[in-house]
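[1] got a sequence here, can you model it:
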Amino acid sequence: MFTDFPKFTARLNSVLANAEALALDVIKKEIDLEDLLLSLAKTKGGLAREILLKAGFKIIKPDEKFAKATAPVVRLAQKVDFSPTVKQILERSALIASKFGQNYIGTEHLLFAIFDVK
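    Below you'll find the predicted structure:
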């Protein structure tokens, strides 16, 4: 499963682990941008969550019919990789943290990188 990145804060590692769990729940092969954003918004205590919620980001729970229709029967994937876009976002978040002279990478850097990625 997910391996912690040493320069990432505990909260950012938690966000990435939760994004992996989201991807596994719907049997994806990669963690994508949607998984990151949802995980950021659901992870309490992070600056990125506060920013997303103040900007109007809403977590909508699927209705029961949709949840049953999309629920995986068997969890086939045991490990997922980051999509190319997410890899670019993670690299960019490290550059942003470095640019601000910080020796850690937090959820705020990840969110900044999400908005900055092309």
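[2] for V86, which non-adjacent residue is spatially closest?
    Closest residue to V86 apart from its sequence neighbours, by C-beta to C-beta, 6 or more residues apart in numbering: I31 at 5.6 Å. Glycine gets a C-beta too; all of them are placed from N, C-alpha and C.
[3] that neighbour against V80, yeah?
    Yes - between I31 and V80 there is a contact under C-beta atoms under 8 Å: 5.5 Å.
[4] next, show the common contact partners of these two.
    Taking C-beta atoms under 8 Å, 6 or more residues apart in numbering as the contact criterion, the common neighbours of I31 and V80 are 20, 23.
[5] before we move on, the earlier item: just give the number of residues close to the residue nearest to V86.
    Per other C-beta atoms under 10 Å, the neighbour tally for I31 reads 25.
[6] same deal with P6?
    The local packing count at P6 equals 8, with neighbours defined by other C-beta under 10 Å.
[7] can you give me phi and psi for it?
    phi -60, psi -30 (degrees, to the nearest 10).
[8] picking up where we left off before, what sits against the residue nearest to V86?
    With contact taken as C-beta under 8 Å, 6+ apart, I31 is in contact with 16, 19-20, 22-23, 80-83, 86.
[9] for this protein, name the helix or strand with the lowest mean pLDDT.
    Of all the helices and strands that make up the chain, the one with the lowest confidence by mean pLDDT, DSSP states H and E is helix 64-70; it has a mean of 48.
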